[in-house]
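[1] Have a look; sequence and predicted model below, questions after that.
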Amino acid sequence: MSDQSTHITGGFLGLIERLGNKLPDPVFLFLGATVLIMALSAAGSLMNWKVQPLRPQVVTETVTAADGSTTTRPKTTADGRPVIQLVEDGDPVRPRNLLSSTGIYWLITNMVRNFLNFPPLGVVVVSMFGIGVAEKVGLFGAGMKWVASLVPSQLLTPTVVLLGIMSNVASDAGYIVLPPLAAGLYVVFGRPPLAGVAAAFAGIGGGFSANLLVGSTDALVSGITEAGARTLDQGYTVLATCNWYFMIASTFMLTIVGWAITSWIVEPRLVKTRSLDVVSQSGSTDQSLTPDEKRGLRWAAVSLVIAVAAVVAALLVPGAPLAGPMPAPAPTYGPIPDSAPRAPGTFTPADPAVEQRPISGAVSGGPGALEASAAERWPIPGTVSIGRGYALEASADASPTGRARFVLSEPVQASGRLERPAEPQPRWSGAIVPLIIVIFLTPGLAYGIATGALRTQKDVSRAFIHSMESMAPVIAMAFFAAQFIECFRYSRLDQMLAFVGGDMLASSGLPPLALLLGIVAVTMVVNLLMSSMSAKWTMLAPILVPMMMMVGISPELTQCAYRVGDSATNIVTPLNTYAIVILAVIQRYRPASGMGQLIALMVPYSIAFAVAWAVLLLIYVWVGLPTGPSAPLWYAPGH
């Protein structure tokens, strides 16, 4: 194979690829980034860097009545909106020094945990037990030939982009399943496989927020938005469907834009370097099915129908394993419990008229449990009673660690408020990866048996081993990527970056439309270094949502702008936790490819998606279209 650098095309994308390919190998890229974060945390600690978190607060005024009595009420503007100001919220955030004795101890003792808790690791490795077997026995190859006989080559790209966008309903599974399948389909059609990877990644990552359906992501983001809105309006409710209409329109718009970028920019550029593709030299584009392949596909289809029927029954039949909501939230560490733990406290509302029903939950200021009637507004003031024998951690100078376990000898009662419990996730949301195994492994085994690819138990074992061998590069990169992400989080530099960006935007004084574009831009920049959607919004929403409400922008519209910015740069940051998975797929066809190849592939999509999506958002605002059911564009007090 000739040297890759001699085949890089010119122009802006060629420059990006040349610069990107000068970056170290992904393993050393993440290792170097970790060292950089450690150095920055040490410098920030020594130089006393700090960022003061701010939160909006309603300004009050004292009014004296004619009889001399005084009352305190919220100060309002001429149009009736409450006046708010940014006030300090807690202590300043300072970086934690990763080069200190404490920081080095944390890194050494958590190195294995960081790796095991790396989000893509379990998803990728476990999923490959099913996907790898189906690939090893030849099911994917035969299936792609069959699909190629049904789907015209001209419609392949929009189909791949649309499937990528829709895949976020199944959380992150699309990153694992779709790119290798898309690459294989492009090979069957005699087209560059990297174009298929790029189109799939554009839909999955660049279109992450868009979808035709409402998923768990919508519920997660709306809950964070609602908490921010209640800083200003205690009764404000944000529905999980508040951006649904906009995301439906976005799905079709992004599909068209992704199709155009692939056809006009990405694929023509890849055609010029087809000599670098391994399959272009040794692969076959014969679309005819052999008799064995046809028989194997029939067996695979029957087994797939049976497997899907079993999964559907497990999801829909009352009392089935995956039917209904999760009995308890999934913990960060340890196994998911099969039932909700008993709440240690009992909540009593201050208003006896509030209907009570015990559930597992939490009370601000102490543990407790209660669910109020739907008509009640959260949070609910009241008291919580905790029985004796309850144990909690307490600061203790006598302890070598400065804290110890304290056990109550008498019942305790404390005042507080009952926070609104999180909406329970469906049971199937915690079983996506096992379901992937079932859906791919079942037809894979059937196909292998029918074609003779699997004759003995050893053949099946070899197929499992083959799937793990292909994961070796991903596992190696994942170890160092995990250390970087956790070091960045431990250093608090991610929080400081988010607070600085949010505060600058909130205090900018820009007009409403410019503020919306500002939210998109700030989110895109922060997303380059902090890819977690919920983590960013948890830090930004308490600042941005109420500040936007002050200028008349609804929480729903603010959330919509955030989700546009959060998606557009997912596909160009090397710090995306799934970038290493996509790079591994690319290296199957171009082994010498590096991060520069991946970034150069995706930059056109990122720019086009950001511009087109921002324009669509402005069109919605200009025309006055709601972003979802009961989702106004503008905020008015008392909504």
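    Cool, the structure landed. Residues are numbered from 1 along each chain as shown.
[2] Just the CA trace of the strand or helix carrying Leu441, in CSV.
    Using DSSP states H and E, Leu441 sits in helix 432-451. Extracted C-alpha coordinates of helix 432-451, given in CSV (Å, rounded to 0.1, in the frame of the first residue of the first chain):
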residue,chain,number,x,y,z
ILE,A,432,-30.6,-2.6,25.4
VAL,A,433,-27.2,-4.3,25.2
PRO,A,434,-28.5,-7.8,26.1
LEU,A,435,-31.3,-7.2,23.5
ILE,A,436,-28.7,-6.4,20.9
ILE,A,437,-27.0,-9.7,21.6
VAL,A,438,-30.3,-11.6,21.3
ILE,A,439,-31.3,-9.8,18.0
PHE,A,440,-27.9,-10.5,16.4
LEU,A,441,-26.7,-13.7,17.9
THR,A,442,-29.9,-15.7,17.2
PRO,A,443,-30.0,-15.2,13.4
GLY,A,444,-26.2,-15.4,13.4
LEU,A,445,-26.2,-18.9,14.9
ALA,A,446,-29.1,-20.0,12.6
TYR,A,447,-27.3,-18.7,9.5
GLY,A,448,-24.0,-20.4,10.6
ILE,A,449,-25.7,-23.7,11.2
ALA,A,450,-27.6,-23.6,7.9
THR,A,451,-24.5,-22.7,5.8
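[3] If we go by neighbour counts, what in it is buried?
    433-451 (16 or more other Cβ atoms under 10 Å). From N, CA and C alone the C-beta is placed, and that goes for glycine too.
[4] how far is that helix from where the chain is centred?
    From the chain centre to the centre of helix 432-451 is a distance of 27 Å (Cα atoms, centre = their mean, to the nearest Å).
[5] quick check: mean pLDDT across that helix?
    Averaging pLDDT along helix 432-451 gives 90.
[6] Could you list every helix and strand that it packs against?
    helix 119-136, helix 139-148, helix 173-188, helix 291-316, helix 457-469 (3 or more Cβ pairs under 8 Å, 6 or more residues apart in numbering; DSSP states H and E).
[7] Show me what the last one is in contact with.
    Taking Cβ atoms under 8 Å, 6 or more residues apart in numbering as the criterion, the residues outside helix 457-469 that touch it are 125, 128-129, 131-133, 135-137, 444-445, 448, 453-454.
[8] so Cys560 touches Thr627, yeah?
    Yes - contact criterion Cβ atoms under 8 Å: Cys560 and Thr627 qualify, at 5.0 Å.
[9] which non-adjacent residue is nearest Leu194?
    Leu270 (5.4 Å; Cβ to Cβ, 6 or more residues apart in numbering).
[10] does the one you found count as helix, strand or coil?
    helix (DSSP: H, G, I helix; E, B strand; the rest coil).
[11] And it, how close does it get to Ala198?
    Note on Leu270: its distance to Ala198, by Cβ to Cβ, to the nearest Å, is 8 Å.
[12] CA-only coordinates of stretch 93-105, as CSV, when you get a sec.
    Extracted C-alpha coordinates of stretch 93-105, given in CSV (Å, rounded to 0.1, in the frame of the first residue of the first chain):
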residue,chain,number,x,y,z
VAL,A,93,-15.1,26.5,42.1
ARG,A,94,-11.3,25.9,42.1
PRO,A,95,-9.3,23.3,40.2
ARG,A,96,-8.2,20.2,42.1
ASN,A,97,-4.5,19.6,41.6
LEU,A,98,-3.9,16.2,40.0
LEU,A,99,-0.2,16.5,40.6
SER,A,100,-0.6,16.9,44.3
SER,A,101,-0.2,13.9,46.6
THR,A,102,-4.0,13.6,46.9
GLY,A,103,-4.5,13.9,43.2
ILE,A,104,-1.9,11.3,42.3
TYR,A,105,-3.4,9.0,45.0
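[13] what about Pro325, neighbour count?
    11 (other Cβ atoms under 10 Å).
[14] who's in contact with it?
    So Pro325 contacts Pro424, Gln425, Pro426, Arg427 (Cβ under 8 Å, 6+ apart).
[15] Hmm, the last one is touching Pro321, no?
    Yes - in this structure Arg427 lies within contact range of Pro321 using Cβ under 8 Å: 7.3 Å.
[16] about what we covered before: can you tell me which of the helices and strands packed on helix 432-451 is most buried?
    helix 173-188 (a mean of 24; mean count of other Cβ atoms under 10 Å).
[17] What is that one packed up against?
    Helix 173-188 packs on helix 119-136, helix 139-148, helix 156-166, helix 193-201, helix 432-451, helix 579-589, going by 3+ Cβ pairs under 8 Å, 6+ apart.
[18] Using CSV, write out every CA atom in it.
    Extracted in CSV, the C-alpha atoms of helix 173-188 (Å, rounded to 0.1, in the frame of the first residue of the first chain):
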residue,chain,number,x,y,z
ALA,A,173,-26.3,1.3,20.4
GLY,A,174,-26.3,3.0,17.0
TYR,A,175,-22.6,3.9,17.4
ILE,A,176,-21.8,0.2,17.6
VAL,A,177,-24.2,-1.4,15.1
LEU,A,178,-24.7,1.0,12.2
PRO,A,179,-21.3,2.3,11.0
PRO,A,180,-19.8,-1.2,10.2
LEU,A,181,-23.1,-2.2,8.5
ALA,A,182,-23.2,1.0,6.4
ALA,A,183,-19.5,0.5,5.4
GLY,A,184,-20.3,-3.0,4.2
LEU,A,185,-23.3,-1.8,2.2
TYR,A,186,-21.3,0.8,0.4
VAL,A,187,-18.7,-1.9,-0.5
VAL,A,188,-21.5,-4.0,-2.0
